[in-house]
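Peer 1: 3D model of this:
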Amino acid sequence: MGTDVEDPERLGFDDFDDVALADAEKHAVAGLEGAALLRERARLWTRKEAWLKMTGDGLRTDPREVAVLDRPGLTDLPPAATGLPASLVAALALGRLG
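Peer 2: Residues are numbered from 1 along each chain as shown. Got it, this is the predicted structure:
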């Protein structure tokens, strides 16, 4: 199991997409702007972090190589289900390794 929580406001820096997103993910965020872009970046990032924590790889793996749009075992966690502030984004990864 792996989990991650992120504040979308932290992901507004230049070049985020180039250093963190796989090609399909870059395409998925291409038309977004402002808060919608930051929220989707956070959703993708928390999914990557949750997955990499679950596998034990962490950021030793290039996050651009971990495509998470349709990866089985990943769940976006709504704030109401977690008790977290609505401004945060969270994800859960569950799976078997090996």
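Peer 1: alpha carbons only for contacts and neighbour counts from here, please
Peer 2: Noted.
Peer 1: Tell me where this protein has strands.
Peer 2: Taking DSSP state E as the test, the strands found in the chain are 2-6, 74-77, 89-93.
Peer 1: Counting by contacts, list what the last one packs against.
Peer 2: In this case it means strand 89-93. Judged by 3 or more Cα pairs under 8 Å, 6 or more residues apart in numbering; DSSP states H and E, strand 89-93 is in contact with strand 2-6, helix 34-55, strand 74-77.
Peer 1: Check the shortest one too.
Peer 2: For strand 74-77, the contact count by 3+ Cα pairs under 8 Å, 6+ apart identifies helix 34-55, strand 89-93 as packing neighbours.
Peer 1: what residues does it touch?
Peer 2: By Cα atoms under 8 Å, 6 or more residues apart in numbering, the list of residues contacting strand 74-77 from outside reads Arg43, Arg47, Trp51, Val68, Val89, Ala90, Ala91, Leu92, Ala93, Leu94.
Peer 1: If you rank those residues by neighbours, which is first?
Peer 2: The most neighbours of any of these, using other Cα atoms under 10 Å, belong to Arg47, which has 31 neighbours.
Peer 1: What residues does it make contact with?
Peer 2: Asp4, Val68, Leu74, Thr75, Asp76, Ala90, Ala91, Leu92, Ala93.
Peer 1: rerun that using 6 Å as the cut-off
Peer 2: Ala91 (Cα atoms under 6 Å, 6 or more residues apart in numbering).
Peer 1: Return the per-residue confidence for it.
Peer 2: Predicted confidence (pLDDT) at Arg47: the value is 97.
Peer 1: Output the below-cut-off pLDDT ranges for this structure.
Peer 2: 97-98 (pLDDT under 70).
Peer 1: ok, back up a step: format the strands of the chain as CSV; extra columns: distance to Phe13.
Peer 2: Converted to CSV, these look like this (distance: least, Cα to Cα, whole Å):
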stretch, distance to Phe13
strand 2-6, 14
strand 74-77, 23
strand 89-93, 17
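Peer 1: most packed of the helices and strands packed on strand 74-77?
Peer 2: Mean neighbour count (mean count of other Cα atoms under 10 Å) peaks for strand 89-93 among the helices and strands packed on strand 74-77, with a mean of 24.
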